[in-house]
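In: With the sequence up front, the predicted model follows.
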Amino acid sequence: MQHKELSDLSELVKLRQELHKYPDLSGQESETAARIVKHLQNYNPDKIYTQLGGTGVAAVFYGEKPDGPTILFRAELDALPIVETNEDLNYRSVREGTSHKCGHDGHMAILTALGSLLHQKRSASGKVILLYQPAEETGAGAWAVLQDSRFETGLKPDYVFALHNIPGKPMHQVIVREDVFAPASTGMIVELHGKSSHAAEPENGLNPGLAMAEIIVAFNEIISNKEQFQDLALLTVIHARLGEVAFGTNPGFATVMATLRSYQPTDMQRLKELTQQCVQQIAANYKLTYNISFIEDFPATVNHSDQVQSIRKAAANLELDVQEAVQPFRWSEDFGHFTARYKGAFFGLGSGTQQPQLHHADYDFPDELIPTGAAMFYGIIQQILNK
């Protein structure tokens, strides 16, 4: 698996653990980006872009011949608002309530390791971009990077690739899937407005509590009717709030929040239409006004067949086990913004059958995946740029 080519593996492991110790939340990754830029200097990239889409970083490595395609590989800068419970780690997060529980620290180390390999041996042609993207966890980062004018003028790839470690799968196993790899998802916020009054005079107010309860029940009925959707569709009510904690007040406002998720874009549109119709009808029944908004919008990550084949070939050359995913994964990934615009693919890398799951408080990225991920990315370069 080309472990021997990573002559500075111990330094890359130190980098990963340093990134783990000092995590940054989405949109606030300035310190993480600075650590990455400092380490990348060891590999003499031809150009480094900073503050892409906010805090993003891109390092460019030209091939031996300038002509040829441009390949972009992406990792994520951000951590999660989760309290870490790994008491035994000597690199445990020092930032209270913030930790790398999705493995983005490991993904950054993998991408930086690819820089090490390119420093030793450039591609035969074209150029390679290492993109460290902000705010993946909120779905805002990929879109922000793509809106940065420097992306289209100075980076603009022909092919895009990314990976994600997958707990529960055998260590180093490569998981691929053509078409949809991860679903679309969005956060829905419903705000109901009535009229507050004294709790002793509820008849003088307009309490939205019953409407809030009916909306939650109706949302569950919508998603239980599977026949109206083409494929997997999910609706999860994640928060509900009625007024403030004040026993003397009859509340005049309520909020319901839900996550909508689907494999197919048409099902997402159907989910949005049905839920909005539901809110409109119930609010009218109770003479309430309402507002609906959507946040953290993730498109479906759709893989292109030829690029999936490049991943398969790279894995075969490294003698890695390849698993074809029968169904898309249920978590969302904003890399779909890239595959919607450029040819590319997203793949999984098994991080161990005993590994705690993603976003669990005791998760920690296994450092033995760093050379494997870097070798996979380098193998993809060989498939496309070193022909």
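Out: Arrived safely, thanks for sending. Residues are numbered from 1 along each chain as shown.
In: A240 against F219, yeah?
Out: No - counting by CB atoms under 8 Å, A240 stays clear of F219, with 10.4 Å between them. Yep, even glycine has a C-beta here, placed from its N, CA and C like the rest.
In: who touches both of those two?
Out: Shared contacts of A240 and F219, defined by CB atoms under 8 Å, 6 or more residues apart in numbering, comprise V256.
In: More neighbours: those two, which one.
Out: F219 (23 against 15; other CB atoms under 10 Å).
In: what secondary structure does that one sit in?
Out: helix (DSSP: H, G, I helix; E, B strand; the rest coil).
In: For P202, the count of nearby residues, please.
Out: Around P202 there are 12 residues (other CB under 10 Å).
In: Quickly note the distance from S351 to N165.
Out: 4 Å (CB to CB, to the nearest Å).
In: R95 too?
Out: Where N165 is concerned, R95 sits at a distance of 21 Å (CB to CB).
In: More neighbours: which of the two?
Out: Using other CB under 10 Å as the criterion, R95 and N165 rank with N165 on top: 25 against 14.
In: now the more buried one, what's its secondary structure?
Out: strand.
In: That one touches F365, doesn't it?
Out: Yes - here N165 reaches F365: they are 6.4 Å apart, a contact under CB under 8 Å.
In: Would you map out the domains in the chain?
Out: 3-180+300-384, 184-297 (automatic domain parsing).
In: taking the ones you listed together, which one is wrapped up most tightly?
Out: domain 3-180+300-384 (a mean of 20; mean count of other CB atoms under 10 Å).
In: State the mean pLDDT of it.
Out: Domain 3-180+300-384 comes out with an average pLDDT of 97.
In: residue ranges for the strands of the stretch 51-200 of the chain, please.
Out: 56-62, 65-76, 125-133, 159-166, 174-176, 179-182, 184-193, 197-198 (DSSP state E, counting those that start in this stretch).
In: Point out the one among those strands that comes closest to H100.
Out: Proximity to H100 (CB to CB) singles out strand 65-76 among the strands of the stretch 51-200 of the chain, at 9.8 Å.
In: Alpha carbons of that closest one, in PDB - could you do that?
Out: Included here for strand 65-76 are C-alpha records, laid out as PDB according to Å, rounded to 0.1, in the frame of the first residue of the first chain:
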ATOM      1  CA  LYS A  65       4.300  18.500 -18.300                       C
ATOM      2  CA  PRO A  66       1.900  21.400 -17.900                       C
ATOM      3  CA  ASP A  67      -0.700  20.100 -20.400                       C
ATOM      4  CA  GLY A  68      -3.300  17.700 -19.300                       C
ATOM      5  CA  PRO A  69      -6.300  17.400 -16.900                       C
ATOM      6  CA  THR A  70      -6.700  18.900 -13.500                       C
ATOM      7  CA  ILE A  71      -7.700  16.600 -10.600                       C
ATOM      8  CA  LEU A  72      -9.000  18.000  -7.300                       C
ATOM      9  CA  PHE A  73      -8.900  16.000  -4.100                       C
ATOM     10  CA  ARG A  74     -10.900  17.300  -1.200                       C
ATOM     11  CA  ALA A  75     -10.700  17.000   2.600                       C
ATOM     12  CA  GLU A  76     -12.700  18.900   5.300                       C
END
